[in-house]
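Asker: here is my input, please return the structure:
(chains A and B)
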Amino acid sequence: DVKVTQSSRYLVKRTGEKVFLECVQDMDHENMFWYRQDPGLGLRLIYFSYDVKMKEKGDIPEGYSVSREKKERFSLILESASTNQTSMYLCASSAPGSAYGYTFGSGTRLTVV
Amino acid sequence: TQLLEQSPQFLSIQEGENLTVYCNSSSVFSSLQWYRQEPGEGPVLLVTVVTGGEVKKLKRLTFQFGDARKDSSLHITAAQPGDTGLYLCAGRGGSNYKLTFGKGTLLTVNP
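Answerer: You can find the predicted model right below:
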């Protein structure tokens, strides 16, 4: 069964901490994505990567960075966590091409206190 | 920026009823997808439509892509409690990498 695995389902961090969210996929997909999902705002793209060591900003990259050292792993980094980054974070991967959908992980619910 | 508007935002119905949810845009998409998300989980792909006017069926779910490839609908026949969830449409426009997501329709089917 193909999978996108996010390292934590729930996280609680303190304001100012550096936070790492890890995502691993086993489908050999080129494309990987990080979204956050908030009530009333839907899914918002933070960063995406279409190849190893390649990254592009999404719609809301401020306060975040990413790392993709290996094809299967895409990490989201909150440089200095703030309370407005409390959210559900979703990682996804896809093959290239318009006919392919995303495979999502189960999400990480991050609370910053 | 391409936007996808979904309606209704919320829908609560009784088991056995039929329903339709809509996904509209002023932009043309090369393909459109529908996902269902259950509480505490990530969205799961239901279908991809590519050709204008295309209709796809998945058991009791019928998906249609508009002729102009700007809109789509999802029709559920004889809804069941297991259909409860957040339904998201997502379109792929100029970029081959990124999907634009609508905000979703939260469906509750009561037994």
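
Asker: per-residue confidence for the closest residue to A:Tyr10 other than its chain neighbours?
Answerer: Once flanking residues are discounted, A:Tyr10 sits nearest to A:Arg109: 5.2 Å by CB to CB, 6 or more residues apart in numbering or on different chains. Every C-beta, even on glycine, is put in place using the N, C-alpha and C of the backbone. For A:Arg109, the model assigns a pLDDT of 96.

Asker: now do the SS call for A:Arg109.
Answerer: strand (DSSP: H, G, I helix; E, B strand; the rest coil).

Asker: what's the neighbour count on it?
Answerer: Neighbours of A:Arg109 under the rule other CB atoms under 10 Å in any protein chain shown: 16.

Asker: swap in A:Val52?
Answerer: The burial count for A:Val52: 14, using other CB under 10 Å.

Asker: so A:Ser8 sits right up against A:Thr108, yeah?
Answerer: Yes. Counting by CB atoms under 8 Å, A:Thr108 is a contact partner of A:Ser8 at 5.1 Å.

Asker: which phi and psi does A:Gln85 have?
Answerer: phi -100, psi 0 (degrees, to the nearest 10).

Asker: do the same with B:Asp83
Answerer: Dihedral angles (degrees, to the nearest 10) for B:Asp83: phi -80, psi -10.

Asker: also the one 5 residues further on?
Answerer: Backbone geometry at B:Leu88, expressed as degrees, to the nearest 10, gives phi -120, psi 130.

Asker: hmm, it is touching B:Gly42, no?
Answerer: No. If you go by CB under 8 Å, B:Leu88 and B:Gly42 don't touch, sitting 10.7 Å apart.

Asker: next, count neighbours for the nearest residue to A:Gln37 once chain neighbours are set aside.
Answerer: Nearest residue to A:Gln37, sequence neighbours excluded (CB to CB, 6+ apart): A:Met88, at 4.5 Å. As a burial measure, A:Met88 scores 16 neighbours (other CB under 10 Å).

Asker: count of neighbours near residue 8?
Answerer: Let's take chain A. Neighbours of A:Ser8 (other CB under 10 Å): 13.

Asker: hmm, no, I was thinking of chain B.
Answerer: Count around B:Pro8 with other CB under 10 Å applied: 13.

Asker: for it, give me its contacts.
Answerer: Counting by CB atoms under 8 Å, 6 or more residues apart in numbering or on different chains, B:Pro8 touches B:21, B:105.

Asker: up against chain A, what does chain B have?
Answerer: B:30-31, B:33, B:35, B:40-45, B:48, B:50, B:88, B:90, B:92, B:96-99, B:101-104 (CB under 8 Å from any CB of the partner chain).

Asker: now the residue located most distally from the centre of chain B: how far from B:Thr77?
Answerer: When distances to the mean C-alpha position of chain B are computed (CA atoms, centre = their mean), the maximum falls on B:Pro111, with 22.5 Å. Remark: distance between B:Pro111 and B:Thr77 (CB to CB, to the nearest Å) = 17 Å.
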